[in-house]
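Trainee: here's a sequence, model it:
(one chain, ligands or ions: 1)
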Amino acid sequence: MPSCSSPITNHNQLNLLAEEREIPKKLTEEEFGLLKEAGYSDKAIEFYMNEVNVGSIEKPDVAIAYTGPCGDMMKIYLKISKNDVIEDAKFYYLGCPSAASSGSAITKLIIGKTIEEAKRITEQDVLKELGGLPESKLHCPKLALTTLQKAIAKYEKDKGQQGV
Ligand code: FES
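Mentor: Just a heads-up that it's a prediction; the model follows:
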């Protein structure tokens, strides 16, 4: 298990973690009701259940993993065009359903946007896209946002070093 706030650099370790995730393919009515009761919106549940944009990108322009203060981890992969448009975005996570929903929401928000536009995305934008999370889970979009910000910073650093 990765230690808190330390990035995971071993890709095999991360893939193993992703494979070990146990996500139910279908919620029972009772389970769905419990999530709704807890404060998850239909959209947040749908993102979680359908694993929207969960996965990886072969030969990404940037990929970075981050473990947040809560101990949950996310890795974001971005495919970026020469003129800095995010053409594709995927993520892996090890964490709560809100981490999953937030990863889906943020990747949906950034696909088709420029790097500069993606930099302006806020936690509120992610929450708005989700349509509602339980009160105790309102911090979870920060995991996705911080991972995205780190990915963008790495992309810009790498690009700068290449002198592009
Ligand atoms: Fe860590 Fe939800 S508790 S992202």
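Trainee: low-scoring stretches of this structure, by residue?
Mentor: By pLDDT under 70, the weakly predicted segments of the chain are 1-25, 163-164.
Trainee: which residues touch S81?
Mentor: In this structure, S81 makes contact with E87, judged by CB atoms under 8 Å, 6 or more residues apart in numbering. Placement of C-beta: from N, CA and C, glycine included.
Trainee: near the ligand, which residues of this protein?
Mentor: The chain comes close to the ligand at residues 68, 70, 72, 95-96, 98-99, 137, 140, 143, as judged by CB under 6 Å from any ligand atom.
Trainee: can you tell me how far the residue sitting nearest the centre point of the chain is from I64?
Mentor: The geometric centre of the chain, computed from its C-alpha atoms, lies nearest to G103 (CA atoms, centre = their mean), at 2.6 Å. Using CB to CB, to the nearest Å, G103 is found at 13 Å from I64.
Trainee: same question, D125
Mentor: 20 Å.
Trainee: looking at those two now, which is surrounded by more residues?
Mentor: Taking neighbours as other CB atoms under 10 Å, D125 and I64 compare with I64 leading, 22 against 15.
Trainee: alpha carbons of the longest helix seen in the chain, as CSV, please.
Mentor: Among the segments of the chain that qualify as a helix by DSSP state H, the longest is helix 141-162. The C-alpha trace of helix 141-162 is given here as CSV (Å, rounded to 0.1, in the frame of the first residue of the first chain):
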residue,chain,number,x,y,z
PRO,A,141,-13.1,16.0,-5.9
LYS,A,142,-9.9,17.5,-4.6
LEU,A,143,-8.1,14.2,-5.2
ALA,A,144,-9.0,14.3,-8.9
LEU,A,145,-8.3,18.0,-9.2
THR,A,146,-4.9,17.8,-7.5
THR,A,147,-3.9,14.8,-9.7
LEU,A,148,-5.0,16.7,-12.8
GLN,A,149,-3.0,19.8,-11.7
LYS,A,150,0.1,17.6,-11.1
ALA,A,151,-0.3,16.0,-14.6
ILE,A,152,-0.5,19.4,-16.2
ALA,A,153,2.5,20.7,-14.3
LYS,A,154,4.5,17.6,-15.4
TYR,A,155,3.3,18.0,-19.0
GLU,A,156,4.4,21.6,-19.1
LYS,A,157,7.7,20.9,-17.4
ASP,A,158,8.5,18.1,-19.8
LYS,A,159,7.4,20.2,-22.8
GLY,A,160,9.6,23.1,-21.5
GLN,A,161,12.6,20.7,-21.2
GLN,A,162,12.0,19.5,-24.8
